[in-house]
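1. starting from these lines, generate the structure:
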Amino acid sequence: MTSGASPQAGADRPPTVKRDRVRRHLLKVIENAGPGTGLASERDLAAELGVSRPTVRAAIDELTRTGLLVRQRGRGTFTSPQKVTQELATGLAVPPAEGHWTSRVVAFAVAPSPRSLAGELELEPGTPVLRVTRVRHVDDEPIAIEGLALPAALVPGLRPADLEAGNFYRLLRERFGITVQDAVQTIEPAVTDPGQAELLEIAVYAPILRIERITRDTAGRIVELTRSVYRGDRYRITSKLRFDADSG
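-> Residues are numbered from 1 along each chain as shown. Next up, the predicted model:
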């Protein structure tokens, strides 16, 4: 005798179908909620949607990897905070990034420059170079790790505390008489390694932006080589474009 469909057939759908249903629900929550809004617990979501907690967790993990959700240890899961925006200008003064920026200096030392670094700074090998690593915060949240290298002779008496707040280029201008004029900057995507993840308080292999900048002053000297990484979930760069007859 051929039996009819089991009444539990709906409950036995493949896990991917259930996960997609949870994902669609979470996307609606994200769309309707503001940045930084807390989600219901996995237990409550599972009960509301009639699925298992592992299914809810898998859907949340997927949206966390894409940056739409953020897990905060001991607090729960939240919609992604509003990103810090930096306008990228060409031929114009560079506008400041949004938010209140502070820094925590984690390395600060002067040492003879190896040949490769000396070449990048257009110095003789062995010239003393100040190398600084600082974690940059916006509104008390770690956003970036910035590595600075600059000729030590340009900044005598500079201390770690000088780099914890304020505008570095203004400091160069007002204390050391150095006025920066232009820079070449490159930006590329990357993911965090364990050390970066620990400093930024995010997961290993989380998306980041890797930014390298060489800055010159009005005399044409290289005064700074910066290698930084910025959290991909909390930072974005916008550009204004101009078009002419040859644009395409």
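2. the strands in the chain, which residues?
-> 69-72, 76-79, 84-88, 101-112, 128-138, 141-151, 180-191, 207-217, 222-231, 235-239 (DSSP state E).
3. any chance of these in JSON lines, plus mean neighbour count and distance to residue 170?
-> Yep, even glycine has a C-beta here, placed from its N, CA and C like the rest. What follows is the strands of the chain, written out as JSON lines (neighbours: other Cβ atoms under 10 Å; distance: least, Cβ to Cβ, whole Å):
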{"stretch": "strand 69-72", "mean neighbour count": "17", "distance to residue 170": "33"}
{"stretch": "strand 76-79", "mean neighbour count": "18", "distance to residue 170": "34"}
{"stretch": "strand 84-88", "mean neighbour count": "15", "distance to residue 170": "17"}
{"stretch": "strand 101-112", "mean neighbour count": "14", "distance to residue 170": "13"}
{"stretch": "strand 128-138", "mean neighbour count": "18", "distance to residue 170": "16"}
{"stretch": "strand 141-151", "mean neighbour count": "19", "distance to residue 170": "15"}
{"stretch": "strand 180-191", "mean neighbour count": "12", "distance to residue 170": "10"}
{"stretch": "strand 207-217", "mean neighbour count": "18", "distance to residue 170": "14"}
{"stretch": "strand 222-231", "mean neighbour count": "21", "distance to residue 170": "14"}
{"stretch": "strand 235-239", "mean neighbour count": "14", "distance to residue 170": "22"}
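4. pick out the shakiest of these, pLDDT-wise.
-> Ranked by mean pLDDT, the strands of the chain bottom out at strand 84-88, with a mean of 53.
5. residues contacting the closest residue to residue 153 other than its chain neighbours?
-> Excluding the flanking residues, the one nearest residue 153 by Cβ to Cβ, 6 or more residues apart in numbering is residue 128, at 6.9 Å. Applying Cβ atoms under 8 Å, 6 or more residues apart in numbering to residue 128 gives the contacts 110-113, 151-153.
6. just residue 27 next, same as before
-> 63, 68.
7. any idea of the pLDDT on it?
-> For residue 27, pLDDT reads 84.
8. cool, and residue 38?
-> 88.
9. re the thing from before, how about the strands of the chain in a markdown table, adding distance to residue 165?
-> Below are the strands of the chain laid out as a markdown table (distance: least, Cβ to Cβ, whole Å):
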| stretch | distance to residue 165 |
| --- | --- |
| strand 69-72 | 25 |
| strand 76-79 | 27 |
| strand 84-88 | 17 |
| strand 101-112 | 5 |
| strand 128-138 | 10 |
| strand 141-151 | 14 |
| strand 180-191 | 19 |
| strand 207-217 | 20 |
| strand 222-231 | 17 |
| strand 235-239 | 19 |
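10. quick one: which of those strands is nearest residue 164?
-> Closest to residue 164 of the strands of the chain, according to Cβ to Cβ: strand 101-112, at 5.1 Å.
11. grab the longest helix from the protein for me.
-> helix 15-32 (DSSP state H).
12. name the residues of that helix that are buried.
-> 18-19, 21-23, 25-26, 29-30 (16 or more other Cβ atoms under 10 Å).
13. great, nothing more from me.
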